[in-house]
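In: structural data only, the sequence is not supplied:
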């Protein structure tokens, strides 16, 4: 789905399309990191793995937050 949005973004003009495509690619990377971290947290077999996976999940969630409170996500 994001790949389709990235391809469509280029149709709105080179400058606007490129900026939007870059942003959508950034979002896709963040989503993949978040998804991987969530799966690792759910699949942890012991406490040490769980704690490490939860740390990665917290970091992935933090990366999805806006840098300042007033920025839209």
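Out: Now that the structure is in, tell me what you want to look at. All values derive from a computational prediction rather than experimental measurement.

In: and the strands in the chain?
Out: Secondary structure of the chain (DSSP state E): no strands present.

In: centroid residue for it?
Out: residue 30 (1.6 Å; C-alpha atoms, centre = their mean).

In: contacts only, for that one.
Out: By C-beta atoms under 8 Å, 6 or more residues apart in numbering, residue 30 lies in contact with 60, 63, 64. Placement of C-beta: from N, CA and C, glycine included.

In: my read: residue 44 touches residue 56, true?
Out: No: between residue 44 and residue 56 there is no contact, the gap being 10.5 Å when judged by C-beta atoms under 8 Å.

In: mind checking the longest helix of the chain?
Out: The longest helix of the chain (DSSP state H) is helix 14-43.

In: what comes up buried for that helix?
Out: 17, 20, 21, 24, 33, 34, 37, 40, 41 (16 or more other C-beta atoms under 10 Å).

In: distance of residue 19 from residue 26?
Out: For residue 19, the distance to residue 26 (C-beta to C-beta, to the nearest Å) stands at 11 Å.

In: show me where pLDDT drops low in this protein?
Out: Scanning the chain for pLDDT under 70 picks out 1-14, 16, 69-73.

In: so what's the residue count around residue 60?
Out: Residues lying near residue 60 (other C-beta atoms under 10 Å) number 20.
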